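1. Quick one, structure for this:
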Amino acid sequence: MMLRFPVVRGRLLIGHLLLAGLCILLGGISIYLLLAFPSGMLSAAGLTILAAVSILIPAAAYRIYLLLTAYYGITPAGALNIRFGSRREVIPLEEIEEIRSGGRISDALRKAGPGWLETWQGQAAAEGEKTAEWIATDRGRSLLLLISKHRRWAISPSDPAGFAQKVADLSARASLEKVEPISYQPPPFILDILKTRSALAPLIGGWILIISLGVLLLAFQSSLPQDQPFRFVPSGLPSSPGNPTRLLILPLPGGAVWLLNAVLGWRAWRTDQRLAAYALWITACAVGAGLWAATIFLIRAG
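-> Here you go, the predicted model:
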C-alpha cells in the first residue's frame, strides 16, 4: 500500500479559500448591482468587479484543487510517486543518491523556485547550483532536495523527516522491485502565453476594450437622449432613434468574438501555430476598437 505525504498546504490553502470566498462574495454583490441598478455608476462598478472576479475565481479554484490533491507517495516496491496537479512523476528510489534538507539547500535555490503564477512547479536554477525540477509549495524547513546522477527534484512533504526516513528504510533493503520511471508534464501553454508579452497584450487588450465599453455604456446610458440614434443610413446620417438602452447590446457581439478568438487562439498556440493565434487575438482587438468607434459616433450623433 502506498504511503502518501501531502504537500505543505496549511496557510496556502486557507489563503486561497479566503480569496475564493471573497471573490464569490464580490461576484454576488456585482450581480446584485447589475440587477438592482440597470444603469448608472453602480451598475458600471458591478460589471467591473464581475470582470475581475471572473479571472480570479478559476485561478484560485485550480490552486485549491492542486493543494488538496497533490502528494508524494512511496510504494513498498520502491517507487516515489508524485502527483502535482496534472503532473505525474514515478521515480525509482534506487536512483536517489542523496536527500538534502535545511542548511544543505542554498538560499539561492530556494529563492529561484517557481511561485504562485507557475503553480509552484517548473525549473529552479541558481548560480553555482545544478538545475532542479521544482515540485514544491514551501521554500522553508519542509523543502527537500532529492539528488540522482542525472536529475534533481525539489519537493515539500508535510512531514519531511518521516518522508526521508521512509526513503532511507526502503533504500536499505537488499533488493527493490524494478520500477520504470515515468515523467508526464503537460505543456504549460497558458503560462507560456502569460509570460509572452506580445501574446498577452492583444489577448488582454481585446478583453479590456469590451469590458470598458460595457462599463462606459452602463455608467452614462441614463444621461443619453431618449431618441438616441442606433444606426446610420448609407449617406452617413443617423437613423433609427430609440431608447438608449439598445446601445448596451453592442458589447455582446464583441464579447462573443473575443471569447471565440481567445479559445481558437489558445488551440492554435498549443499546436505551435503562433501566427494564427496572434491573428485571432488581434482581430478580437480590432472588433473591440471598431465597437468603441461605432459607440462614440452614435453618441455624438445623438
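
2. When you work out contacts or count neighbours from here on, use the C-alpha atoms and nothing else.
-> OK.

3. what about the nearest residue to residue 23 once chain neighbours are set aside, which SS state?
-> Spatially, and ignoring its direct neighbours in sequence, residue 23 is nearest to residue 53 (5.5 Å; C-alpha to C-alpha, 6 or more residues apart in numbering). Following DSSP: H, G, I helix; E, B strand; the rest coil, the label given to residue 53 is helix.

4. Okay, buried residues for stretch 79-86 please.
-> Neighbour counts over stretch 79-86 (16 or more other C-alpha atoms under 10 Å) mark 79-85 as buried.

5. One more: stretch 257-274?
-> Buried-residue list, stretch 257-274, by 16+ other C-alpha under 10 Å: 257-259, 261-262, 264-270, 274.

6. ok, the residue nearest to residue 84 when sequence neighbours are not counted to residue 89 distance?
-> What sits nearest to residue 84 in space, not counting adjacent residues and going by C-alpha to C-alpha, 6+ apart, is residue 70, at 4.6 Å. Computed as C-alpha to C-alpha, to the nearest Å, the residue 70 to residue 89 distance reads 12 Å.

7. Which strands or helices does the helix or strand harbouring residue 48 pack on?
-> Using DSSP states H and E, residue 48 falls within helix 41-69. When contacts are defined as 3 or more C-alpha pairs under 8 Å, 6 or more residues apart in numbering; DSSP states H and E, helix 41-69 packs onto helix 10-36, strand 79-84, helix 197-220.

8. Contacts only, for residue 288.
-> 206, 209-210, 254 (C-alpha atoms under 8 Å, 6 or more residues apart in numbering).

9. Please identify which helix or strand holds residue 170.
-> Assessed by DSSP H and E, residue 170 sits inside helix 160-171.

10. Pull out the buried residues from that helix.
-> Buried positions in helix 160-171, judged by neighbour count with 16+ other C-alpha under 10 Å: 160, 163-164, 166-167, 170-171.

11. do stretch 62-81 as well
-> 63-64, 66-67, 70-75, 77-81.

12. same deal with stretch 18-32?
-> In terms of neighbour count (16+ other C-alpha under 10 Å), stretch 18-32 has its buried residues at 19-20, 23-24, 26-27, 30-31.

13. May I see those residues arranged in a markdown table, with pLDDT and distance to residue 106 as well?
-> Output for these, formatted as a markdown table (pLDDT from 0 to 100; distance: C-alpha to C-alpha, whole Å):
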| residue | pLDDT | distance to residue 106 |
| --- | --- | --- |
| 19 | 95 | 32 |
| 20 | 95 | 34 |
| 23 | 95 | 37 |
| 24 | 96 | 40 |
| 26 | 96 | 41 |
| 27 | 95 | 43 |
| 30 | 94 | 46 |
| 31 | 94 | 49 |
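
14. Quickly list what residue 154 is bridged to.
-> residue 134, residue 145 (DSSP bridges).

15. swap in residue 122?
-> Here residue 122, judged by DSSP bridges, has bridge partners residue 134.

16. Nearest to residue 10, out of the buried residues of stretch 79-86: which one, please.
-> Checking those against residue 10 by C-alpha to C-alpha gives residue 84 as the nearest, at 16.1 Å.

17. mind listing what the closest one touches?
-> 66, 69-71, 135.

18. Backbone dihedrals for residue 272, both of them.
-> Residue 272 adopts backbone torsions of phi 70, psi 30, taken as degrees, to the nearest 10.

19. With adjacent residues omitted, what lies nearest to residue 119?
-> Closest residue in space to residue 119, ignoring its immediate chain neighbours: residue 63 at 6.9 Å, by C-alpha to C-alpha, 6+ apart.

20. returning to what we had before: select, out of the helices and strands packed on helix 41-69, the one closest to residue 284.
-> Across the helices and strands packed on helix 41-69, residue 284 has its closest neighbour in helix 197-220 (5.6 Å, C-alpha to C-alpha).

21. Identify each buried residue in that closest one, please.
-> Neighbour-count burial for helix 197-220 [16+ other C-alpha under 10 Å]: 199, 201-203, 205-207, 209-219.

22. so that helix versus helix 10-36, what angle?
-> 40 degrees (axes from the mean of the first three to the mean of the last three C-alpha atoms, to 10 degrees).
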